[in-house]
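Q: missing the sequence, but the structure's below:
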């Protein structure tokens with residue numbers, strides 16, 4: 001079954017994912033989308049790019065690259081590490097830029113609340129971020 005790589009029409013970060021897929025001779029299809037947050041795909045943290053490979057549904061560019069490397073024995077990892085990779089990259093995505101923090105404090109805090117919401121939803125299903133271990 002072919003993997004599915006989804007991203008915006010602009011391609012951007014997904015272009016860094018295509019070369020490893022080609023190098024490993026992976027069977028994949030590209031889906032270039034018009035909107036960023038795609039619901040109904042069962043993604044833990046809906047975002048673009050995403051890669052769906054049977055039971056694995058991965059978002060965040062680096063997490064996808066790590067997954068491809070693991071799948072093709074270019075990097076040894078576990079399913080728990082894939083979850084940590086996704087969350088790590090989500091955490092590094094800035095919630096909002098606040099150069100005039102005091103003037104924009106309420107907007108900045110709302111941005112922070114929106115940024116942490118996916119982490120709370122993710123943990124709502126699990127005892128820890130990765131399996132039963134503190135990560």
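A: Received the coordinates, thanks. A quick note: this is a predicted structure, and the numbers were derived from the prediction, not measured.
Q: Just give me the neighbour total for residue 29.
A: 10 (other Cβ atoms under 10 Å). The C-beta positions use only the backbone N, C-alpha and C, and glycine is treated the same way.
Q: Give me the phi and psi angles of it.
A: Note on residue 29: backbone dihedrals following degrees, to the nearest 10 are phi -120, psi 150.
Q: Touching, it and residue 7? I think so.
A: No - using Cβ atoms under 8 Å, residue 29 is not in contact with residue 7, being 12.0 Å away.
Q: Which positions within the helix or strand of the chain with the lowest mean pLDDT qualify as buried?
A: Sorting the helices and strands of the chain by mean pLDDT, DSSP states H and E puts helix 79-92 at the bottom, at a mean of 73. Within helix 79-92, the residues that qualify as buried are 81, 82, 83, 84, 85, 86, 87, 88, 89, 90, counting by 16 or more other Cβ atoms under 10 Å.
Q: do the same with stretch 35-54
A: 38, 43, 44, 45, 46, 47, 48, 49, 50, 51, 52, 53.
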